[in-house]
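Visitor: pasting the structure only:
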């Protein structure tokens, strides 16, 4: 039986590399690793919202910052690139669990569960002060992207972005319940090893 679409509505978007969004859309990744943007200030990143649209960005994204297996994600990200002045929202995320990663060894145990290169993991882990956040997310996809005008408030190095108005669409889960449960178990196992 096919899954039933659900209506997702949010006025918040979360900036993430477009290639990471492509990996999330393909179900190859169920986590978001985050240090935080400059706009987060001295307090750093916090999980301010548990449901949000993913806002794909090329800002700071570079092929060498990703594992070689992410080539398909980079290609998909390029294909999804919207025209100037627009943001295309096609993925909704629900945060299931949040972890603070306190050691680089733990961060490296997550290899294979995300598309960052080992060098990117290390660079982000040590930026400002040691540590990373991990968000375990269930991602849902809209059949067609929502086209949102890009405003000045969206610009800059920040994680959370207010949308001009709430964006709503019917979405379907990228992974079925069993596949998501297996992916979540793999994340927990990687965090608990060692």
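Guide: Right, received. Where do you want to start? Note that the coordinates shown come from a computational prediction; the quantities given were computed from them, not determined experimentally.
Visitor: what sits up against the lengthiest helix in the chain?
Guide: For the chain, the helix with the greatest residue count under DSSP state H is helix 177-192. Residues from elsewhere that reach helix 177-192 (CB atoms under 8 Å, 6 or more residues apart in numbering): 27, 30-31, 96-97, 99, 101, 106, 109-110, 113, 134, 136, 138, 173, 175. Bear in mind the C-beta positions are built from the backbone N, C-alpha and C, glycine included.
Visitor: Buried ones among those?
Guide: 27, 30-31, 99, 101, 106, 109-110, 113, 134, 136, 138, 173, 175 (16 or more other CB atoms under 10 Å).
Visitor: Provide a list of residues in contact with residue 22.
Guide: Contacts of residue 22 by CB under 8 Å, 6+ apart are 56, 72, 73, 74, 76, 77, 80.
Visitor: tally of neighbours for residue 47?
Guide: 14 (other CB atoms under 10 Å).
Visitor: what separates it from residue 34, distance-wise?
Guide: Residue 47 sits 9 Å away from residue 34, going by CB to CB, to the nearest Å.
Visitor: Name the residues contacting each of these two.
Guide: Joint contacts of residue 47 and residue 34 (CB under 8 Å, 6+ apart) are 133, 135.
Visitor: Can I take it that residue 70 is in a helix?
Guide: Yes - when DSSP: H, G, I helix; E, B strand; the rest coil is applied, residue 70 is found to be in a helix.
Visitor: and residue 122, backbone torsions?
Guide: Backbone torsions of residue 122, given as degrees, to the nearest 10, read phi -70, psi -40.
Visitor: any idea how far the closest residue to it other than its chain neighbours is from residue 85?
Guide: Nearest non-adjacent residue to residue 122, counting by CB to CB, 6 or more residues apart in numbering: residue 104, 6.4 Å away. For residue 104, the distance to residue 85 (CB to CB) stands at 40 Å.
Visitor: Could you do residue 91 as well?
Guide: From residue 91 to residue 85 the distance is 20 Å (CB to CB).
Visitor: higher neighbour count, those two?
Guide: Neighbours were tallied for residue 91 and for residue 85 using other CB under 10 Å; the higher tally belongs to residue 91 (26 against 8).
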